[in-house]
Structures are given as structure tokens and as C-alpha cells.
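Asker: Give me coordinates for this.
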Amino acid sequence: MSMQRYPEDKTIAGRTKEIEIKVARIQEFLEKEGLNALYLTLAPNFAWITAGGDGVITICMEGSCAAALITKEGKRYIITNEIEDRRMREEQQLEELGFEVVSQNWFDNKNAEYIEKFAGDLAKVGSDTHFGKCRMIGAHIKNLHASLTHNEICRYQYLGDTMSTALEAYLATTKPGMTEFDIVAGVSNALWPHEIGQVLFLVASDERVYNHRHPIPTMKKSDKLLMVSCNGRYKGLITTTTRMVYYGNPTQEFLTQFDKTCEIECRMIAATKAGVDEIVPHRIGKASYEEFGQGPMYYKHAQGGPQSYYNRYYSVSETMHEITVENQCYCYQPVIDGTKTEDAFIVMSDGPLMVTKPMSFPKITKTIDGVTMERPGILVID
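Answerer: Numbering: from 1, shown residues only. This is a model prediction of the structure:
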């Protein structure tokens, strides 16, 4: 397991260096596809190309309040309106980062005119959404995201360490009788002060842990068992994690089942390497369910896949898998009825670099094929 530390470079120079790497990737892609420019309108893509810029206004919407246009010559434009113009210049610092910010009245809808002015025929422009005559190439953009830059790894380490620490510290304060919505409120309160926005909360107590793979929170009160799955976002990057709490004394059978669930995840992590098809760790996970007498569990939940600016770009399966690249982030989530383990990691040259990991929770140490990993155990609260 990689133990490297990466401090985030928040300077204009550091962010500009990251953007230049991404613009070069776009230029190579445009040359290959015979396009004049790439038009990015979605918030995840806006955050990616601006090195952590924030285009999110309405949290439940995927669209950005400003769009980016990158030409084959490497010129960079931000197309927005008067509502967002000042924030894009002052707080997002986009002009300092090398973008030309162009604006319009909120009612003008001149984006197509701006694109034609800077890049020519719309039919020669790729877009991440359906827009006029632009060529829809959204499915290809995930490949531009795949290999994280140095500064993205830095941001991921901040997100993972901070989120793990805050989440685990809060969960240690929970008590039987709290509702699942009480838990959501507490986790949210623990994360927001650290600039970590929430993308997803799954909270289940007792029988709901066994019955539902995606347990959105309810007003049910907890008694013995609690599972919290949280997706947090920092400067566009998203990570995902799950922690489990038991109030009282869990049976040895339950602890053994949790350990097997953890073993499946660790086997998949150890097998995920640059240059290896994603189907390899996926099949190892499936075979592990069978080995542990839990074959049907494989069919009850997706097993995970690559992430960065999306919590999952897709779930790896026999019909959807690609080749892993160095510095790519993944998260697997094996589940056996009643137990789940889930932490993100980055595929590094010297082994997996865990994004989220146990900080104050009990630790389970596993070594698989020479890769040693520390995984969170169940927090038992008497």
C-alpha cells in the first residue's frame, strides 16, 4: 500500500500547471476526433478543467452555471452570464488561471454565438451534452478524467483524510434511539465546516441493513446495528465510504461475516493495477463470494468501479470494463446481507493509495499478494 503524502498546491501557479496538463489532453483528443473545440457544460467537467472550480448552484442538478470552451489551439474560454460573471472572475480566479471570461445578460442565450465566434462551425465542436449541432461526445470525457494529476491526488488526500476523520468522530457519539435522519444531520454538520459537500447519504439501522442495498434514511430509530454510507465532494472530486456501528455485543458469527466482506474488498483492491483489465478484480470478487458460500450476494448489488468527478463513472461488469491506468481512483462496495465495506483508493505505481481509511475506528490489517491494507472494522459501542 502506498504511504506517500501529497500537500495540495492551492496557488494560481499550481492550479495553472494542472489545467495545462488537461488542456494538452483535450488538444490530443480534438486532433484525433477532427474537432475544433470541446464545450463543457456539466459541473463535474467544469470542476475538472478549472482545477477545482465550482459551477454548482443547485446541488441536485448536474449542469454548471458556467461553461468552458477549449479550442484545438489551446485557448480557454468561460461562457457565463452577468449573474455569475463577478464570482467567476474574483472568487473562482478564472482569468488568473488563463481563461477568458465572456458574459451576457441572463436572458440572452448567446452561447452558440460565442462558440461559433471562438471555434467556428458548431458541427466541429464536441460537447458533453446535446447542444445545437455540436457532436455529443460525453462518453469519451471520462477517459480524459481517468489519470489524476499530482494536485488532484493532493485534493483527494485532503478529502479522504478529513472526511474519514470527521465521519468516524461523529459516529462515535451516536446512540441507540437516534433516527436515521438524526444521523444524516450529524454527519452533514460534521463535514460542511471542512468544505466537504454531500452528494449521497445512505443510512440504515437494524433490519434495514439486511433488507436494502440503497437505504435512503427514514425516521426509523436505531437499536443495535447502524450502517452509514457517505459520498463527499471537495473541489469537484467525490469519494465514497461506508462505516458500521454496533451498540452492544455483536456475535462472533456477525464479526466473521464482516471480515469476509472486508476480505472480498481487499482482494479486489490488491488486483487493481495499471495496465490490467478491470474485469480481473471484478471476477476475483465474484469468485470470493462463491468461496465464502455467498454466491447469490454478487447478484444483489453492483460491486463498484472508477470514480473521481462522479461517485462512479460506471459499475464494472462483464459487459462494462476498461483497462486501468496509473493514478486512477476506484471504489468497491461488496455487501453480504447485514455487512458492507467501502473505501476509495488510487492506483499508484507502488501500490494502492487509500483515499478514505480508518482513522479512529478499529483497524483490520490484511495482506494480499504482498499488498498490506488497513481497513476499518466495526465500531462497537457498549
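Asker: Helices of the stretch 1-150 of the chain, residue ranges please.
Answerer: Counting by DSSP state H, counting those that start in this stretch, the stretch 1-150 of the chain has these helices, from start to end: 12-33, 43-49, 85-90, 111-119, 138-145, 150-171.
Asker: Of these, which is nearest residue 248?
Answerer: When the helices of the stretch 1-150 of the chain are compared for distance to residue 248 using C-beta to C-beta, the nearest one is helix 150-171, at 15.4 Å. (Glycine included, C-beta is placed from N, CA and C.)
Asker: Name the residues of that closest one that come out as buried.
Answerer: Of the residues in helix 150-171, 151-168, 170-171 count as buried by neighbour count, 16 or more other C-beta atoms under 10 Å.
Asker: ok, back up a step: with distance to residue 316 and mean pLDDT as added columns, please give the helices of the stretch 1-150 of the chain in a markdown table.
Answerer: A markdown table is the format used below for the helices of the stretch 1-150 of the chain (distance: least, C-beta to C-beta, whole Å; pLDDT from 0 to 100):
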| stretch | distance to residue 316 | mean pLDDT |
| --- | --- | --- |
| helix 12-33 | 23 | 97 |
| helix 43-49 | 19 | 98 |
| helix 85-90 | 36 | 96 |
| helix 111-119 | 35 | 97 |
| helix 138-145 | 13 | 94 |
| helix 150-171 | 20 | 97 |
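Asker: what packs against the helix or strand where residue 286 lies?
Answerer: Secondary-structure element containing residue 286, defined by DSSP states H and E: helix 279-291. Applying 3 or more C-beta pairs under 8 Å, 6 or more residues apart in numbering; DSSP states H and E, we find helix 279-291 packed against helix 252-271.
Asker: which residues sit against the helix it packs on?
Answerer: Counting by C-beta atoms under 8 Å, 6 or more residues apart in numbering, the neighbours of helix 252-271 from elsewhere in the structure are 244, 246, 280-282, 284-285, 288-289, 292, 294, 303-304, 330, 332-336, 338-343, 345, 352, 364, 366, 368-369, 371, 373, 375, 377-378.
Asker: switch the cut-off to 7 Å
Answerer: Residues outside helix 252-271 that contact it (C-beta atoms under 7 Å, 6 or more residues apart in numbering): 280-281, 284-285, 288-289, 292, 332, 334-336, 338-341, 345, 352, 364, 366, 368-369, 371, 373, 375, 378.
Asker: From the chain's centroid, how far away is the helix holding residue 286?
Answerer: Between the mean C-alpha location of helix 279-291 and the chain-wide mean there is a distance of 23 Å, by C-alpha atoms, centre = their mean, to the nearest Å.
Asker: could you dump the helices of the stretch 1-150 of the chain to TSV with distance to residue 268?
Answerer: Conversion of these to TSV gives the following (distance: least, C-beta to C-beta, whole Å):
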stretch	distance to residue 268
helix 12-33	28
helix 43-49	25
helix 85-90	41
helix 111-119	42
helix 138-145	20
helix 150-171	18
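Asker: Please identify the most buried of those.
Answerer: For these, the largest average neighbour count (mean count of other C-beta atoms under 10 Å) is found in helix 43-49, namely a mean of 25.
Asker: just checking, what packs against that helix?
Answerer: Counting by 3 or more C-beta pairs under 7 Å, 6 or more residues apart in numbering; DSSP states H and E, the packing neighbours recorded for helix 43-49 are helix 12-33, strand 63-71.
Asker: Only the C-alpha atoms, please, for that helix, written as PDB.
Answerer: Only the C-alpha atoms of helix 43-49 are listed here, as PDB (Å, rounded to 0.1, in the frame of the first residue of the first chain):
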ATOM      1  CA  ALA A  43     -20.500  20.800 -13.200                       C
ATOM      2  CA  PRO A  44     -18.200  17.700 -12.900                       C
ATOM      3  CA  ASN A  45     -16.400  18.700 -16.100                       C
ATOM      4  CA  PHE A  46     -16.200  22.300 -15.200                       C
ATOM      5  CA  ALA A  47     -14.600  21.400 -11.900                       C
ATOM      6  CA  TRP A  48     -12.100  19.100 -13.700                       C
ATOM      7  CA  ILE A  49     -10.900  21.700 -16.300                       C
END
